[in-house]
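# Here is my input; please provide its structure:
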Amino acid sequence: MKTVLVIEDNKEIRENTIELLELAGYRVIDVEDGKAGIEAAGRELPDIILCDIMMPQADGYEVLETLKSNLSTSGIPFIYLTASAEKKEIQKAMDMGANAYICKPFDVNELMDTVERLLQ
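Sure thing, here's the model as predicted:
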């Protein structure tokens, strides 16, 4: 069973995302801020990470930068799930090494297709 780490400070979005992933057969670990996300990624070594950008403790950019600089977490596929749809934000995320960028509110099929594609 593949493990997904969800890093999201909005409780409702986090719970909805967890439910979708669990229904699709994934094991889900969830945390509500970037610092806890960095710690969970290093401890659990998930198969894929879904991360918001605007969060307390450490934002999504700090999370990605930290994980990419660590040998044990640098190869984990990373998807931003965020409300920001600005082209400069998307470009920054991709330049930093994100594998995908999905805007909220997200389409369930787009999310699941992206997760499945990156896990292959």
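# make it CA atoms for all contacts and neighbour counts henceforth
OK.
# ok, the residue nearest to residue 3 when sequence neighbours are not counted - contacts?
Nearest residue to residue 3, sequence neighbours excluded (Cα to Cα, 6 or more residues apart in numbering): residue 27, at 4.6 Å. Counting by Cα atoms under 8 Å, 6 or more residues apart in numbering, residue 27 touches 1-4, 21.
# Could you give me the PyMOL selection string for whichever of those are buried?
Buried subset of the contacts of residue 27, written as a PyMOL selection, criterion 16 or more other Cα atoms under 10 Å:
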select buried, resi 3+4+21
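# Of the contacts of residue 27, which is the nearest to residue 37?
Comparing the contacts of residue 27 against residue 37 with Cα to Cα places residue 4 closest, at 11.6 Å.
# Now do the helices in the chain.
11-23, 34-44, 60-68, 87-96, 108-119 (DSSP state H).
# can you list these in CSV and add distance to residue 79 and mean pLDDT?
Putting the helices of the chain into CSV (distance: least, Cα to Cα, whole Å; pLDDT from 0 to 100) gives the following:
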stretch, distance to residue 79, mean pLDDT
helix 11-23, 13, 95
helix 34-44, 13, 97
helix 60-68, 10, 95
helix 87-96, 9, 86
helix 108-119, 8, 95
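# of all those, which lies closest to residue 74?
That would be helix 60-68 among the helices of the chain, by Cα to Cα, at 4.1 Å.
# Show me the residue at the heart of the protein, geometrically.
residue 50 (1.5 Å; Cα atoms, centre = their mean).
# can you tell me which residues contact that one?
By Cα under 8 Å, 6+ apart, the contact list for residue 50 reads 4-7, 78-81.
# how about a cut-off of 7 Å?
Applying Cα atoms under 7 Å, 6 or more residues apart in numbering, we find residue 50 in contact with 5-7, 78-81.
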